Structures are given as structure tokens and as C-alpha cells.
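Asks: I need the structure of the sequence given here:
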Amino acid sequence: MKNVMRSLVLLTLVVSLMSCSDDDAATENETARMSIKLTDAPGDYDAVFVDVENVVVKYNGQEDETFFANINAGVYDLLELTGGVSVLLVDDEIPAGDISQIRLILGDDNTIVVDGETFSLETPSAQQSGLKIQVNETLEGGIFYEFILDFDVDKSILQTGNGQYKLKPVIRASTVAESGAIVGNVLPLGVQTMVTASDGINEISTFTDVSGAYVLSGVPEGTYTVTFKADVDLGLPNIVTNDVEVNVGSIATLATVEF
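Replies: Residues are numbered from 1 along each chain as shown. Take a look at the predicted model:
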């Protein structure tokens with residue numbers, strides 16, 4: 001009897017560890033959608049041009065950084081990015097998790113125009129290490145986040161004694177969650193199921209994975225009808241869940257559906 005109990009305890013521990021491992025793996029595989037926009041507070045200059053080459057995200061407690069594959073690189077006049085105008089630098093998927101910092105990597109073509117005269121704008125270390133903006137945000141899987149980087153030109157430009165100008169950026173970062181998500185599971189395993197959420201205007205669909213899990217990402221806020229449609233060859237009736245509330249920045253977790 002003791003051996004049986006011991007075996008049951010060991011089995012429970014193994015199952016628990018496997019479950020934790022699966023949860024960790026699922027967390028590691030989750031992604032969030034992230035956009036980064038650059039805007040500016042007005043400054044007393046004719047123009048301030050910054051050469052944005054890349055954007056980097058750093059995660060808490062990690063040495064590795066995420067470089068975006070698709071960057072809207074270019075030379076931008078910060079003084080044109082006022083009055084609600086902004087430029088979209090990034091709109092891409094990145095791993096979910098806790099991010100600590102966004103860095104703007106600048107090129108060499110940074111200038112300032114004062115009274116019609118153009119001066120080189122020095123950016124010490126910005127080309128190598130980037131302009132660091134502390135954010136300290138948690139990105140949930142399946143959520144779309146918009147980051148606004150607000151350049152304060154008046155506080156960011158320093159005139160040196162020899163008539164040259166330096167960029168010592170003062171940038172305020174704000175974050176807005178733009179959508180929610182719907183997640184859940186479908187049983188039995190092995191039944192590929194299409195999951196569709198509709199509010200009469202928006203319709204978002206996905207398929208379950210091999211573990212029966214699904215994530216509907218980037219779902220606008222609203223009340224949805226979620227339809228579960230199994231492989232047509234199985235001849236199973238659709239299952240419908242009504243009145244699913246989706247809020248911006250949150251994840252709606254549905255009860256497990258079983259055909």
C-alpha cells in the first residue's frame with residue numbers, strides 16, 4: 001500500500017511539473033502587437049531633423065534585445081510632428097513579457113536649422129547605444145499596444161559655447177492598450193476547430209493548436225458572439241457562446257468547449 005501511495009505521489013509531481021513546463025512554454029510563445037509613434041512638443045527653431053535608423057526593445061532581466069524587422073526608418077523633422085501629428089516607426093509582433101526600455105538608434109544625418117542656417121546636431125553615443133527611453137510595461141499576449149514617444153525639443157537641444165548644438169533628448173513615453181483578446185481551449189484533442197468572434201462589425205478568426213488552445217488577438221472592445229466550428233468532415237454541430245465581453249487591455253478567458 002505504501003508503494004502504491006508513493007507511486008501516486010510521484011505521478012502527481014511529474015504531472016504537475018509537466019503542466020508547469022507547458023504553461024511556461026505557452027507563455028514564451030505568446031506575442032503582443034506593438035506600435036511605436038514619434039511626436040513632439042513645439043520648439044523655438046526652424047527645424048530639428050533626427051535620423052532614425054532602428055528601434056530596439058529591452059526586456060527586464062535579460063541581456064538580449066529585440067530588433068524590429070520592419071522599421072519606418074528615415075530623417076524626420078520633429079517640429080512637423082506637433083498638433084496631434086505623429087510618425088509611425090514600428091507596427092509589429094514581439095514576444096509578450098515585461099519590457100524595460102525602448103531605444104532609438106540614430107544615424108549620422110542629424111541637423112538643426114536656426115534662423116535659416118543649418119547646423120550639425122551632435123548626438124553623443126546615440127548611434128552606438130541609442131536614445132534610451134524607460135518604459136517598464138508588461139505586454140500581455142494577444143493585446144495590441146501603442147507607444148507614443150513625445151520628444152520635448154526645447155529641453156532636448158543644448159547650444160554649446162562654440163556655437164554648436166547637441167541633442168540630449170528628453171522623451172516622455174506613454175502607453176495605450178488598443179485592443180483585448182479572447183482565449184480558451186477546445187476538446188477533444190485532435191479536433192481542429194475554427195474559432196470566430198463577431199460583433200456584427202468586426203470578425204476575428206483563428207484555429208486551435210495541437211493542444212486545443214486558441215487565442216483571438218487584437219479584438220476591439222465590444223460584445224461578441226464566439227462560434228466554434230469543427231472540421232466539416234466530422235459532421236459535428238457548431239457550438240456558440242454569446243455575450244462575450246472584451247475590454248481594452250484585458251483577456252477574456254472562456255470556459256473549455258467540448259464537442
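Asks: quick one: the helices in the chain?
Replies: Listed in chain order, the helices found in the chain under DSSP state H are 2-29, 126-129, 153-156.
Asks: Mind telling me which of those helices the model trusts least?
Replies: Of all those, mean pLDDT reaches its minimum on helix 2-29 (a mean of 38).
Asks: in the stretch 1-150 of the chain, what spans have low per-residue confidence?
Replies: Scanning the stretch 1-150 of the chain for pLDDT under 70 picks out 1-28, 83, 124-128.
Asks: Apologies, that question was intended for the stretch 151-259 of the chain.
Replies: Along the stretch 151-259 of the chain, the model assigns pLDDT under 70 to no residue.
Asks: now the strands: where do they sit in it?
Replies: Remark: strands assigned in the stretch 151-259 of the chain by DSSP state E, counting those that start in this stretch are 157-159, 165-167, 171-177, 180-187, 193-198, 203-207, 213-219, 222-230, 239-246, 251-253, 257-258.
Asks: Switch these over to JSON lines; also include mean neighbour count and distance to Leu88.
Replies: Every C-beta, even on glycine, is put in place using the N, C-alpha and C of the backbone. Below are the strands of the stretch 151-259 of the chain laid out as JSON lines (neighbours: other CB atoms under 10 Å; distance: least, CB to CB, whole Å):
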{"stretch": "strand 157-159", "mean neighbour count": "15", "distance to Leu88": "24"}
{"stretch": "strand 165-167", "mean neighbour count": "18", "distance to Leu88": "22"}
{"stretch": "strand 171-177", "mean neighbour count": "15", "distance to Leu88": "14"}
{"stretch": "strand 180-187", "mean neighbour count": "21", "distance to Leu88": "22"}
{"stretch": "strand 193-198", "mean neighbour count": "19", "distance to Leu88": "26"}
{"stretch": "strand 203-207", "mean neighbour count": "14", "distance to Leu88": "22"}
{"stretch": "strand 213-219", "mean neighbour count": "20", "distance to Leu88": "16"}
{"stretch": "strand 222-230", "mean neighbour count": "18", "distance to Leu88": "25"}
{"stretch": "strand 239-246", "mean neighbour count": "14", "distance to Leu88": "24"}
{"stretch": "strand 251-253", "mean neighbour count": "16", "distance to Leu88": "25"}
{"stretch": "strand 257-258", "mean neighbour count": "16", "distance to Leu88": "37"}
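Asks: Quick one: closest of those to Glu122.
Replies: In terms of CB to CB, the element of the strands of the stretch 151-259 of the chain nearest to Glu122 is strand 165-167, at 4.5 Å.
Asks: what are the pairing partners of the closest one, and which direction each?
Replies: Next to strand 165-167 in the sheet, as set by DSSP bridges, lie strand 117-122 (parallel), strand 157-159 (antiparallel).
Asks: related to what we said a few turns ago, please name whichever of the strands of the stretch 151-259 of the chain is nearest to Thr39.
Replies: Nearest to Thr39 among the strands of the stretch 151-259 of the chain is strand 171-177 (9.9 Å), distances taken as CB to CB.
Asks: So which elements touch the closest one?
Replies: With contacts taken as 3 or more CB pairs under 8 Å, 6 or more residues apart in numbering; DSSP states H and E, strand 171-177 sits against strand 131-139, strand 144-152.
Asks: Reformat the strands paired with strand 165-167 as a markdown table; add distance to Glu137.
Replies: Converted to a markdown table, those look like this (distance: least, CB to CB, whole Å):
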| stretch | distance to Glu137 |
| --- | --- |
| strand 117-122 | 29 |
| strand 157-159 | 28 |
